[in-house]
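K.L.:
Here you go, sequence then predicted model.
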Amino acid sequence: MNPSDPLNFDRHTFGSDFVWGTATAAYQIEGAVDRDGRTPCVWDTFGRQKGKIKTGETADIACEFYDRYESDLLLHKELGFNAFRFSLSWSRILPDGVGPAHGGRINEAGIAFYDRLIDQCLQLGITPWITLYHWDLPQALELKGGWPNRKIVDWFADFADVCTKAYGHKVKHWIILNEPLAFSILGYFTGQHAPGRRSFRNLLPVIHHTALAQAEGGRIVRQNVPDALVGTTFSCSPIDPFTPGDQSAAIRVDALMNRLFIEPSLGLGYPSKELPFLASIAKKVAKPGDMERLAFDFDFIGLQHYFRAVVEQSYFMPYLWAKDVTPLRRNVQTITEMGWEVYPESMYRIIKQFGQYEGIKKIYITESGAAFYDQVEKGQVHDKARVEYHQNYLQQVLRAKQEGLPVEGYFAWTFLDNFEWAEGYRPRFGLVYVDFRTQQRIVKASGRWFQQLLTEELVAVR
Ligand code: BGC
């Protein structure tokens, strides 16, 4: 489809049960990092080290969502979304990282904050979707070894138990992890994200403990909230070879980027045929019985898709023997502020790819969106490129749905401009512009476009 082709959908085309939401993460929006008993997480510590956040900024204030959630959710309602995805700050709820089962405290003020937030959603008729872990590991647990320490599986189980006991009677949509691949590789192997560790030695234990926590978390939610829909999310991208000779490089990158965490959860084990170094997990890291414990029958899978990847063979990248061919090198015209290629068809392809797994029952697009440079002109933000991004990616979601793939919702990343991790506040992904000096909110043209799609009885028009 060409950006100039007319859209051929309105919200009814997606069906009346289709979920329309935005996705957010605690650390990126809440601020209030030292309020009401919250203790630091790895991002607080990492962000204070020189040079780790490109702009030198911190998330201490972010969008002040901790104080502004009521008016922000009213705005969310006004835009017409019927679901709101947010994550729980682990160290706001369990300041020692561990829960009572391991001698830690529960912070009642932290529990109360999310309770108010959930109630506000419910009062507005917005379905709350909780993510248990969106990258903000309590610093107290990092000091005890973090994800490379096998005990993390029990610590995470504590956290899942406390949260589901607190909110399970009201919240029926639970996501265990946000993008396990991103936090394990960037946090413990390349060091670009918190806690900023760089070692190959840690990588396999981190992967394995994450995959175990993913399944264990699923079991706890199911046990404590039997009527919940339980899912988890994956970052994913179709992988294309740069030249026909790069086919095997593409297969290896696909195993790493798209298969590493879904396949163990489906009982298929790690993709070690394509990536032989993963075989050491079963031989050296896993304990007896672990390989069976990796499986859990999730009710849904959340796909988080932004771009496709094009790769080539590389002898300089150990274990993977492949590297990315950047959009710049490929002369791609539409690139976002993150340097990502805008390539709508990749949305259709990735849904199709995951739809081929027998064990996947339902798919939600739990994140998709784009950072473009936004300018406020006469109090308005005309983010045409972002409007087109969502229109064209949604068109491809619809294409997959009409072919019978079980895709049942779309969460735009993201509601408010926010703290974009190591990039600071510069890349703006929001449907709502945030002036970080005044905390003023301005609904962008993209937010208005969703509002029109979701609230008006009109066929969507450009
Ligand atoms: C993450 C978000 C992030 C977004 C844009 C996803 O990988 O879940 O936290 O802000 O992508 O980079």
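P.N.:
Done, it's in.
K.L.:
going forward, measure contacts and count neighbours with C-alpha atoms only.
P.N.:
Will do.
K.L.:
Can you check the pLDDT for residue 4?
P.N.:
Residue 4 is assigned 48 on the pLDDT scale.
K.L.:
Please apply the same query to the one 10 residues further on.
P.N.:
Per-residue confidence at residue 14 stands at 97 (pLDDT).
K.L.:
Torsion angles phi and psi at it?
P.N.:
phi -80, psi -10 (degrees, to the nearest 10).
K.L.:
Now it. Nearest residue, chain neighbours left out?
P.N.:
Computed as CA to CA, 6 or more residues apart in numbering, the closest residue to residue 14 that is not its neighbour in sequence is residue 398, at 6.7 Å.
K.L.:
Quickly find the element holding that neighbour.
P.N.:
helix 384-402 (DSSP states H and E).
K.L.:
if we look at that helix, which residues are touching it?
P.N.:
Residues from elsewhere that reach helix 384-402 (CA atoms under 8 Å, 6 or more residues apart in numbering): 1, 3, 7-9, 14, 342, 344-345, 347-348, 351-352, 368-372, 407-408, 410, 412, 445-446, 449.
K.L.:
again with stretch 46-57
P.N.:
Outside of stretch 46-57, the residues within contact range by CA under 8 Å, 6+ apart are 58, 192, 193, 194, 195, 196, 421, 422, 423, 424, 425, 426.
K.L.:
buried sites along it?
P.N.:
Neighbour-count burial for stretch 46-57, counted by 16 or more other CA atoms under 10 Å, picks out 46, 47, 52, 53, 57.
K.L.:
Between the residues you listed, which sits nearest residue 323?
P.N.:
Each of the buried residues of stretch 46-57 was scored against residue 323 by CA to CA, and residue 52 proved nearest at 23.5 Å.
K.L.:
where does the closest one land in three-state SS?
P.N.:
The three-state label given to residue 52 by DSSP: H, G, I helix; E, B strand; the rest coil is coil.
K.L.:
Give me the distance between it and residue 197.
P.N.:
According to CA to CA, to the nearest Å, residue 52 stands 12 Å off from residue 197.
K.L.:
Could you do residue 153 as well?
P.N.:
In this view, residue 153 and residue 197 are 19 Å apart by CA to CA.
K.L.:
what do you get for residue 111?
P.N.:
Distance from residue 111 to residue 197, by CA to CA: 30 Å.
K.L.:
what's the answer for residue 343, then?
P.N.:
32 Å.
K.L.:
what sits against residue 280?
P.N.:
So, once contact is read as CA under 8 Å, 6+ apart, residue 280 ends up touching residue 204.
K.L.:
same check, this time on residue 130
P.N.:
Counted by CA under 8 Å, 6+ apart, residue 130 has contacts 85, 86, 87, 88, 171, 173, 174, 175.
K.L.:
how many other residues sit next to the closest residue to the fifth one other than its chain neighbours?
P.N.:
It stands for residue 171. Distances taken as CA to CA, 6+ apart put residue 128 closest to residue 171, at 6.3 Å, once the chain neighbours are dropped. Residue 128: 23 surrounding residues under other CA atoms under 10 Å.
K.L.:
partners of the helix or strand where residue 128 lies in the sheet?
P.N.:
Here residue 128 is covered by strand 127-133, with elements defined by DSSP H and E. Looking at strand 127-133 with DSSP bridges, its partner strands are strand 83-87 (parallel), strand 173-177 (parallel).
K.L.:
mind putting those in JSON lines, mean neighbour count included?
P.N.:
Formatted as JSON lines, the entries for those read as follows, by neighbours: other CA atoms under 10 Å:
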{"stretch": "strand 83-87", "mean neighbour count": "24"}
{"stretch": "strand 173-177", "mean neighbour count": "26"}
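K.L.:
residues of stretch 379-396 that come out buried?
P.N.:
Buried residues in stretch 379-396, counted by 16+ other CA under 10 Å: 381, 383, 385-396.
K.L.:
what distance separates that stretch from the middle of the whole chain?
P.N.:
20 Å (CA atoms, centre = their mean, to the nearest Å).
K.L.:
CA atoms only for it, dumped as CSV, please.
P.N.:
Presented in CSV, the C-alpha positions along stretch 379-396 are these (Å, rounded to 0.1, in the frame of the first residue of the first chain):
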residue,chain,number,x,y,z
GLY,A,379,-0.3,25.4,20.2
GLN,A,380,-0.7,22.4,17.8
VAL,A,381,1.4,19.5,16.7
HIS,A,382,0.9,18.4,13.1
ASP,A,383,2.6,15.0,13.3
LYS,A,384,1.6,13.9,9.8
ALA,A,385,4.3,11.2,9.6
ARG,A,386,3.1,9.6,12.8
VAL,A,387,-0.5,9.6,11.6
GLU,A,388,0.6,7.8,8.5
TYR,A,389,2.7,5.4,10.5
HIS,A,390,-0.3,4.2,12.5
GLN,A,391,-2.7,4.2,9.6
ASN,A,392,-0.4,2.1,7.4
TYR,A,393,0.6,-0.3,10.2
LEU,A,394,-3.0,-0.7,11.2
GLN,A,395,-3.9,-1.4,7.6
GLN,A,396,-1.5,-4.3,7.7
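K.L.:
returning to what we had before: going by distance to residue 22, which of the buried residues of stretch 379-396 wins?
P.N.:
Proximity of the buried residues of stretch 379-396 to residue 22 was ranked by CA to CA; the top entry is residue 390 with 12.0 Å.
K.L.:
What separation do you get for the closest one and residue 25?
P.N.:
Relative to residue 25, and taking CA to CA, residue 390 is found at 20 Å.
K.L.:
now residue 389
P.N.:
Shown here: residue 389 relative to residue 25, a distance of 21 Å by CA to CA.
K.L.:
ok, now residue 312?
P.N.:
Separation of residue 312 from residue 25 (CA to CA) stands at 33 Å.
K.L.:
Of the contacts of stretch 46-57, which is the nearest to residue 435?
P.N.:
residue 425 (10.3 Å).
K.L.:
Could you tell me how many residues sit around residue 358?
P.N.:
8.
K.L.:
so who does the closest residue to residue 228 other than its chain neighbours touch?
P.N.:
Distances taken as CA to CA, 6+ apart put residue 172 closest to residue 228, at 4.3 Å, once the chain neighbours are dropped. Residue 172 makes contact with 128, 129, 225, 227, 228, 229, according to CA under 8 Å, 6+ apart.
K.L.:
Mind checking which of those residues are buried?
P.N.:
Here, 16+ other CA under 10 Å leaves 128, 129, 225, 228, 229 buried among the contacts of residue 172.
K.L.:
measure the third one to residue 116 for me?
P.N.:
Here the criterion is CA to CA. By it, residue 225 lies 20 Å from residue 116.
K.L.:
With the fourth one instead?
P.N.:
Shown here: residue 228 relative to residue 116, a distance of 20 Å by CA to CA.
K.L.:
burial of the residue lying closest to residue 193 once chain neighbours are set aside, as a residue count?
P.N.:
Using CA to CA, 6+ apart and skipping the chain neighbours, the partner closest in space to residue 193 is residue 187 (4.6 Å). Residues lying near residue 187 (other CA under 10 Å) number 23.
K.L.:
Hmm, residue 202 and residue 187 touching each other?
P.N.:
No: with contact defined as CA atoms under 8 Å, residue 187 does not reach residue 202; the gap is 10.4 Å.
K.L.:
What separates the first and last residues of stretch 437-446, distance-wise?
P.N.:
22 Å.
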